[in-house]
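*Asks:* test case, fold it:
(one chain, ligands or ions: 1)
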Amino acid sequence: MGRLFLVNLEGKSYSCRHCNTNIALCSDVVSKSFQSRHGKAYLFRKVANVYAGEKEDRMMMTGMHTVVDIYCVKCGSYLGWRYEFAFEKSQKYKEGKSVLERYKVCGPDENNYLVVAQEVEAGETDTDE
Ligand SMILES: [Zn+2]
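*Replies:* Modelled structure (predicted):
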């Protein structure tokens, strides 16, 4: 086991909600319209400071994919997954890219407004508490 080495990302970035480690740059967002079973998820060209779990074939809305779950290298929190292989030709663009669960990462200029911001983004009108 090597020494824990964290990459510092220059610029606006998303970081681990648990330990604040930089995970991905805003400029590397490919799509914000992904969906996981937990809610919104973003597709990134590349991510940093993560380690991958076991490869696994997973059936998704867009077809079968080989994916690995990715975890924060510092605190071990589950963050999302990376596409290793897409069985469908139309989904090949996702290979090598990573999805981060939106609720697992903090965005730039963000603090406790997250829940509100998510509701606005999703266009929900139900504001009962
Ligand atoms: Zn973390």
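*Asks:* please make it C-alpha for all contacts and neighbour counts, starting now.
*Replies:* OK.
*Asks:* what's the closest residue in space to residue 46 that isn't next to it in sequence sitting at in phi/psi?
*Replies:* Leaving aside its chain neighbours, residue 46 sits nearest to residue 97 (6.0 Å; criterion: Cα to Cα, 6 or more residues apart in numbering). Here is the backbone geometry of residue 97 (degrees, to the nearest 10): phi -100, psi 160.
*Asks:* next one: residue 6
*Replies:* phi -100, psi 130.
*Asks:* my guess is it contacts residue 49. True?
*Replies:* Yes. Applying Cα atoms under 8 Å as the test, residue 6 and residue 49 come out as touching, 5.9 Å apart.
*Asks:* more crowded one of the two?
*Replies:* residue 49 (21 against 14; other Cα atoms under 10 Å).
*Asks:* can you show me the strands along this protein?
*Replies:* Assigned by DSSP state E, the strands in the chain fall at 13-16, 22-25, 29-36, 39-44, 50-60, 63-72, 78-86, 98-101, 105-106.
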